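**Q** Take this sequence and fold it.
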Amino acid sequence: MARLTAAARNALPDSAFAGPNRTYPVPDRAHAVAAKGRATEFAGPKLKAKIDKKANQKLRKGRKTKPNRFSRDSVLSRPDME
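**A** Residues are numbered from 1 along each chain as shown. As a prediction, this is how the structure comes out:
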């Protein structure tokens with residue numbers, strides 16, 4: 001995980017944090033994973049749900065998806081299946 005300095009953290013917009021009062025920063029995928037882990041350890045059920053939701057948004061945003069071999073799109077795009 002990239003180190004988040006105090007200056008870099010202070011420069012982040014409020015939308016880059018999952019918790020109240022600018023806690024649980026999620027500027028990238030590594031921090032989103034860490035936020036989910038810390039929420040499991042330290043946050044109550046309501047706050048954990050909020051943090052998980054925000055972190056999951058960050059984790060889905062950068063994910064590259066490719067169809068698995070059983071999806072409809074992958075079967076239809078195979079030349080031997082035409």
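
**Q** only C-alpha atoms for contact and neighbour calcs from this point on.
**A** OK.

**Q** roughly how far apart are the closest residue to residue 19 other than its chain neighbours and residue 45?
**A** In space, and not counting its chain neighbours, residue 19 is closest to residue 51: 6.1 Å by CA to CA, 6 or more residues apart in numbering. The span separating residue 51 from residue 45 equals 10 Å under the rule CA to CA, to the nearest Å.

**Q** Between those two, which is the more surrounded one?
**A** With neighbours defined as other CA atoms under 10 Å, residue 51 and residue 45 compare such that residue 51 has more, 28 against 11.

**Q** Please look at that one and residue 35 and confirm they touch.
**A** Yes - contact criterion CA atoms under 8 Å: residue 51 and residue 35 qualify, at 7.2 Å.

**Q** shared neighbours, the two?
**A** 18, 24 (CA atoms under 8 Å, 6 or more residues apart in numbering).

**Q** Confidence-wise, which helix or strand of the chain is lowest on average?
**A** helix 72-76 (a mean of 54; mean pLDDT, DSSP states H and E).

**Q** so residue 24 touches residue 33, yeah?
**A** No - counting by CA under 8 Å, residue 24 sits too far from residue 33 to count as a contact (10.4 Å).

**Q** Show me the shaky parts of this protein.
**A** Counting by pLDDT under 70, the chain shows low-confidence ranges at 62-82.

**Q** And the helices in it?
**A** Counting by DSSP state H, the chain has helices at residues 6-11, 29-42, 45-61, 72-76.

**Q** Relative to residue 17, which of the ones you listed is closest?
**A** Across the helices of the chain, residue 17 has its closest neighbour in helix 45-61 (8.2 Å, CA to CA).

**Q** now the closest one: how far from the chain's centre is it?
**A** 7 Å (CA atoms, centre = their mean, to the nearest Å).

**Q** returning to what we had before: residue 24 and residue 33 - which one has more neighbours?
**A** Neighbour totals were compared for residue 24 and residue 33, and residue 24 leads with 21 against 18 (other CA under 10 Å).

**Q** Tell me how far the more buried one lies from residue 2.
**A** Distance, residue 24 to residue 2, using CA to CA: 15 Å.

**Q** How about residue 25?
**A** Residue 25 sits 12 Å away from residue 2, going by CA to CA.
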